[in-house]
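Undergrad: when you get a sec, could you give me coordinates for this:
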Amino acid sequence: MKNIIQQSIQKGIDYISYRNLITNLLKQGKSTGTTENPEYFQFSELNNSRMNRLDKTIKILESHQNQLKNLSKKITFLIISEGWCGDAAQIVPVLNKLANCSENIDLKIVIRDENPELMDLFLTNGNRAVPMLLMIDPETNELIAKWGPRPKFASKMVLDYKTLHGALDADFKIQLQNWYNTDKGVEIQQEVMQLLQHYLV
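TA: Residues are numbered from 1 along each chain as shown. The predicted structure is shown next:
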C-alpha cells in the first residue's frame, strides 16, 4: 500500500492544476477519466460552474481556521476525484480551502480512472466511489485517516432514497445538490476537522 500511495502522491497535482485540467478538457469536448461518455462532459460543464462559484463563496469557519494554524504535524491530503462527479464538485473546493489554512497541509489530487490500484484500496461497499480523501504521513507514506465519498448526512440521504426507491434518479440528485448548497460545506469541515483533532494544539 505504501508504494502505491507514494507513487500516487508523486504524480498528484495541486488544486489549481486540477481546475485547469478540467477546464482544458472541456474546451476539447472531454471530461476526466478513461470512459468517453457524453453525459460525463455535460456533468463536468455543470460541475466546473459549481466549483467556480464555490471557490468564491465557501468560507472556512473561523474556529477551524485558528485550529489549522496550529496543526502540529505535516499531512498530505491525497484526494481521488473526477471532474464529472457531482459530489466531488461540492467537496473538493472545501477540502482545498481547509488545506490552504495550514502550511503543514499539502494537497494533491489524482484522477480515479487513471489510478485504479490506489482506488481499489479504498472502495466503498465494493464501489469506486469518489471523492476520497486520504490523509497521509508524508514521512512514512502511512495512512492516517480516510474520509469520503460524502458527508454522513448526505450518505444517509443516499441510503434512505435507495431503500425507498431502489435507485438514485435525477430528482434525488437535485435534492442532494440542494443540501450541499444549503449546508455550505460546514459538515464537510466538521468531519475532516474531527479526523485531524489529534494533531491540533
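
Undergrad: phi, psi for the spatially closest residue to residue 105 that is not a sequence neighbour please.
TA: Once flanking residues are discounted, residue 105 sits nearest to residue 99: 4.3 Å by C-beta to C-beta, 6 or more residues apart in numbering. C-beta here means a position set from N, CA and C on the backbone, and glycine is covered the same way. Phi and psi for residue 99, reported as degrees, to the nearest 10, are phi -60, psi -40.

Undergrad: shouldn't residue 99 be in contact with residue 108?
TA: No: between residue 99 and residue 108 there is no contact under C-beta atoms under 8 Å: 9.7 Å.

Undergrad: need the overlap of contacts for these two.
TA: Residues touching both residue 99 and residue 108 (C-beta atoms under 8 Å, 6 or more residues apart in numbering) are residue 77.

Undergrad: what distance do you get for residue 87 to residue 93?
TA: For residue 87, the distance to residue 93 (C-beta to C-beta, to the nearest Å) stands at 12 Å.

Undergrad: same question for residue 153.
TA: From residue 153 to residue 93 the distance is 18 Å (C-beta to C-beta).

Undergrad: mind listing what's buried in the helix of greatest length in the chain?
TA: Ranked by residue count and defined by DSSP state H, the top helix of the chain is helix 38-57. For helix 38-57, a neighbour-count test (16 or more other C-beta atoms under 10 Å) marks 40, 41, 43, 44, 47, 48, 50, 51, 54 as buried.

Undergrad: what segments of the chain are strands?
TA: 75-81, 105-111, 132-137, 142-147 (DSSP state E).

Undergrad: quick one: low-confidence parts of this structure?
TA: Along the chain, the parts satisfying pLDDT under 70 run over 201.

Undergrad: can you map out the helices along it?
TA: Secondary structure of the chain, counting by DSSP H: helices at 2-11, 15-27, 38-57, 62-69, 86-99, 116-119, 152-165, 170-183, 186-196.

Undergrad: need the contact partners of the shortest one.
TA: Contacting residues not belonging to helix 116-119 are listed as 4, 5, 8, 80, 110, 112, 128, 130, 132 [C-beta under 8 Å, 6+ apart].

Undergrad: pick the one among those closest to residue 141.
TA: Among the contacts of helix 116-119, residue 5 lies closest to residue 141 (C-beta to C-beta), at 4.9 Å.

Undergrad: wait, the closest one touches residue 144, no?
TA: No: using C-beta under 8 Å, residue 5 is not in contact with residue 144, being 11.0 Å away.

Undergrad: any shared contact partners between the two?
TA: Contact criterion C-beta under 8 Å, 6+ apart; residues bridging residue 5 and residue 144 by contacting each: residue 136.

Undergrad: who has more neighbours, those two?
TA: A side-by-side neighbour count of residue 5 and residue 144, using other C-beta atoms under 10 Å, places residue 5 first with 20 against 16.
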